[in-house]
Every structure is written in C-alpha cells, then in structure tokens.
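In: Structural data only, the sequence is not supplied:
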C-alpha cells in the first residue's frame, strides 16, 4: 500500500476540524455546564467533548475508512492503512467550561507511529495552526517560526499542571526551581495551544509532565516544524515523562534545569 501524502492528511484534518471549531465558538459555555469528572474532581469532561470527538471521527473515516483512531474521550479503532488519527476534541476543557481563552481542537495524523501532519484550531482566538512533517508550520496560512533566543534567564516559559493532588504537588516543587531561573512563567491550560504559541513566538519555551499522545501529537509537530526541539524525557521510576520544547539555543539549558531537581531528589 502506498504511503499516504501528509499534505493530503493535513488538508483532511483541516477540512473536518475547522468548521467544528467555528460552531464550538458559537456554542459558548451554556452546554459546557453539563459536565462530569474523569481522573479527579478537577479533570472535567463535557457532553461537547464527546460530541466533537464523534463528529471528528465520523468526518475523518468518511474520507478514509481504513484508518485508525486514538481519541482522548475513548474513540479507538485499529488501523488497516497504517494511518492513525490522534484526536483531542477539546484540549483545555476546564478553560471551555469557564469561558476562559485557550481551548482548542487538536487532530494529528500518524503513519506507522510517526506524526506527519497536525492541525490545532484555537477556538477563541480564531487561529488555525497546521504543520506537515518536513514542510514547516503555519498560523492561518502564514509561515511561523519560534524565537531563537539562547538566554534562559530572559526566556518566557510556558507550563501546565496535572489533575491529581500528588502530581500537582510534585509540579509545584519543580516550579520553585524553574521560576527563579527564567524571565517568567505562563500557564494557559491547554498543551497544544502552549506548543503552538511557542511555535509562533508568544513564549520562548515550554515544559510539562505527563502529556498524553493527544496532548502532544499535533502541537508538538507544529513546534518542531517552526524550528523548536521537542523531546520527552523519561521520569524517575514510576513517574510520567517530562516534555521539553524550546529552540535549539535554549533546549539543553531548559532540559538541564527541569531535570536537575529530579536528580537532586527535590521532586520525589
């Protein structure tokens, strides 16, 4: 079977996801009030998350019936074509529920395990980020590049936090090591948007513990194609991996900074 064209996969993801994002902007927070929790009392899911995921899956498979699916809200289907769509229907559900800017629809196409195309629809800001492996990244069709600074002390760094009290306590301890060493910290509440904002220069770098495939796939490709280095660093035994994303001039310094607390036993 011929390897699919990543540009065509990107275009399909865009065709399916962008209109849903436009409708999601109109829905507002009223329907979002019908909500449940998942891994903890702070980990929200709404009926809209599930409806958006179902519509994304339906649209993608209508065009490519042999593809597989991996969705945050439970959509799972093995692939017969080698292509798997990795979907976060609403990345930043808490933001969505509160009407706080920073939630998005994230769709990535993986071929034989490699992410080759990604689309992130930033609903509130009416921005659509796209990337194709080896072909660069765009925001609303315009090419984007990450900042190229190399001084961690003047870097604006984005991060995010998990949902369990134990994970948050660990992340807070890590933050006490990071904050004094950088310009400042930003916490937007949606990993894909954070990565896209790194890609277009709104922040200089990003790190976060415990990202899932749907958090990282599309936004991570956008960041890489905008010139950033993105890597998952294995955590200490039994702990989640730490994702670090930064331009090459900052990457090593940020990686050393966020891992040294673990090495010193400061973040058990």
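Out: Nice, thanks for sending it over. Please read these numbers as outputs of a predicted model, since none were measured by experiment. Residues are numbered from 1 along each chain as shown.
In: Which helix or strand lies directly C-terminal to the helix or strand encompassing residue 138?
Out: Assigned by DSSP states H and E, residue 138 falls within strand 137-139. Beyond strand 137-139 on the C-terminal side, the first helix or strand identified by DSSP H and E is strand 142-143.
In: For that following strand, which strands pair with it and how are they oriented?
Out: strand 137-139 (antiparallel) (DSSP bridges).
In: I'd like the mean pLDDT over the strand it pairs with, please.
Out: In this model, strand 137-139 has a mean pLDDT of 98.
In: neighbouring contacts of that strand?
Out: Identification of contacts with strand 137-139 by CB atoms under 8 Å, 6 or more residues apart in numbering yields 127-131, 143-144, 196, 199-200, 221-223, 225-226. Where C-beta positions appear, they are placed from N, C-alpha and C, glycine not excepted.
In: do that again at 10 Å, thanks
Out: 10, 118, 120, 122, 125, 127-132, 143-146, 196-197, 199-200, 221-228 (CB atoms under 10 Å, 6 or more residues apart in numbering).
In: Give me the distance between the strand holding residue 138 and the centre of its chain.
Out: The gap between where strand 137-139 is centred and where its chain is centred comes out at 15 Å by CA atoms, centre = their mean, to the nearest Å.
In: Same check on stretch 234-245?
Out: Its chain's C-alpha centre and that of stretch 234-245 lie 16 Å apart, by CA atoms, centre = their mean.
In: Just the buried residues of that stretch, please?
Out: 235, 240, 242, 243, 244, 245 (16 or more other CB atoms under 10 Å).
In: So for that stretch, first residue to last residue, what's the gap.
Out: For stretch 234-245, the first-to-last residue distance is 14 Å (CA to CA, to the nearest Å).
In: Quick test: name the residue nearest the centre of the protein.
Out: The centroid of the chain falls nearest to residue 192 when counting by CA atoms, centre = their mean (2.5 Å).
In: tell me the contacts of that residue?
Out: By CB under 10 Å, 6+ apart, residue 192 lies in contact with 88, 91-92, 102-108, 118-122, 129, 211, 214-220, 222-223.
In: again, only using 7 Å
Out: 88, 91, 104, 106, 120, 215, 218, 219 (CB atoms under 7 Å, 6 or more residues apart in numbering).
In: and it, helix, strand or coil?
Out: Secondary structure state of residue 192, per DSSP: H, G, I helix; E, B strand; the rest coil, is helix.
In: among the buried residues of stretch 234-245, which are in strands?
Out: Those of these mapping onto strands are 242, 243, 244, 245, per DSSP state E.
In: my guess is residue 209 contacts residue 171, does it?
Out: Yes. Residue 209 lies in contact with residue 171 (CB atoms under 7 Å); the separation is 6.0 Å.
In: any residues in contact with both of those two?
Out: residue 162.
In: pLDDT score assigned to the nearest residue to residue 249 once chain neighbours are set aside?
Out: Among residues not flanking residue 249 along the chain, residue 150 sits closest, at 3.2 Å (CB to CB, 6 or more residues apart in numbering). In this model, residue 150 is scored at 92, pLDDT.
In: tell me the phi and psi of residue 150?
Out: Taking degrees, to the nearest 10, you get phi -130, psi 10 for the backbone angles of residue 150.
In: And the contacts of residue 192, which of them are buried?
Out: Among these, those buried by neighbour count (16+ other CB under 10 Å) are 88, 91, 104, 106, 120, 215, 218, 219.
In: gap between the two ends of stretch 119-139?
Out: Stretch 119-139 stretches 10 Å from its first residue to its last (CA to CA).
In: for that stretch, which positions count as buried?
Out: Here stretch 119-139 shows 119-125, 127-133, 137-139 as buried, counting by 16+ other CB under 10 Å.
In: Return the subset of those residues lying in strands.
Out: 119-122, 127-132, 137-139.
In: what residues are up against the residue nearest to residue 67 when sequence neighbours are not counted?
Out: Excluding the flanking residues, the one nearest residue 67 by CB to CB, 6+ apart is residue 83, at 4.4 Å. By CB under 7 Å, 6+ apart, the residues touching residue 83 are 4, 9, 64, 67, 68, 109, 111.
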